[in-house]
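# predicted model follows, preceded by the sequence.
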Amino acid sequence: MSYCLAIKVNEGLVFASDSRTNAGLDNVNTYSKMFTYNVGDRAFVILTAGNLATSQAVYHQLEKDLNAPNPEINLNLCEDLEAVAAYIGQLSIASSNQSLEVQSQSSLMGSNFILGGQIRNQDPNILMIYPEGNYIYASSERPFLQIGETKYGKPILDRMINKNTPIGDSARVALLSLDSTMRSDLTVGPPIDFVVYKKDQMHLNYQGRYKLKSPYFKELSDTWAQKLSEAVHSLPQFDWEEDI
């Protein structure tokens, strides 16, 4: 299982994803689920959750098309984010269909993707791309997208994220959403890939990778746990507690 999320606020975009692909008792594997591309007038981040073979095939084909001498399409030739989303969707369908032919079975071989970024003179945005190739934007009322194991990390996003949330707070909330998920689901695990993109900057300068013991992530997680405990102790008491 995986957990990836993207947040869109007025100041820019935030992306975070775990890296665990297997969590057996004696066999833990990791693989980056984030693809970044930043050249000239465009900056893209792509996250994936689902069938690993399909995801790898899509990322490989993206790189292959970028290096092709006369490509029909690649990330440089797409005119807007919708064109990028349609392109990724087509690659995903083609890759999952090939996997089905090899497997000779009807198991789900598709992957979900989150695409975000900006092309110069266009607005930054985030989209979710489904295994069928179609896609949706995040809404202004719910300016974030999640794929994979979403339920544990969603409550803090619902409470804290809106379009006016400062990008620094959004970035911290994104990491806490991953932290909450990793505490409740062993199939989601570090390292966490992390990108913050400021609107109109056209550069993915703020990138990081955090392990559980990375100084910043450990301080963030410990401080959050402490503040939660303090908040619970400060909540109004029940009437019957006075009699105990």
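Structure received.

# secondary structure class for Pro69?
Classification of Pro69 by DSSP: H, G, I helix; E, B strand; the rest coil places it in coil.

# low-confidence ranges in this structure?
When residues are selected by pLDDT under 70, those of the chain lie in 22-30, 98-109, 244.

# and the longest helix for the protein?
As assigned by DSSP state H, the longest helix anywhere in the chain is helix 81-103.

# what's that one packed up against?
Where contact means 3 or more CB pairs under 8 Å, 6 or more residues apart in numbering; DSSP states H and E, helix 81-103 is packed against helix 52-67, strand 111-119, strand 125-129, strand 135-137. C-beta here means a position set from N, CA and C on the backbone, and glycine is covered the same way.

# run the last query once more with 6 Å
In terms of contacts (3 or more CB pairs under 6 Å, 6 or more residues apart in numbering; DSSP states H and E), helix 81-103 is packed against helix 52-67, strand 111-119, strand 125-129.

# residues of it that come out buried?
By 16 or more other CB atoms under 10 Å, the buried positions in helix 81-103 come out as 81, 84-89, 91-93, 95-96, 99-100.

# and what of stretch 194-204?
Buried residues in stretch 194-204, defined by neighbour count with 16+ other CB under 10 Å: Phe194, Val195, Val196, Tyr197, Lys198, Met202, Leu204.

# looking at these, which two lie furthest apart in space?
Farthest pair in these (CB to CB) is Phe194 and Met202. Separation: 19.0 Å.

# in the chain, which spans are helices?
Using DSSP H, helices in the chain cover 52-67, 81-103, 154-160, 167-184, 215-233.

# as a markdown table, those with distance to Pro131 would be great.
Shown next, in a markdown table, are those (distance: least, CB to CB, whole Å):
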| stretch | distance to Pro131 |
| --- | --- |
| helix 52-67 | 8 |
| helix 81-103 | 6 |
| helix 154-160 | 21 |
| helix 167-184 | 22 |
| helix 215-233 | 31 |
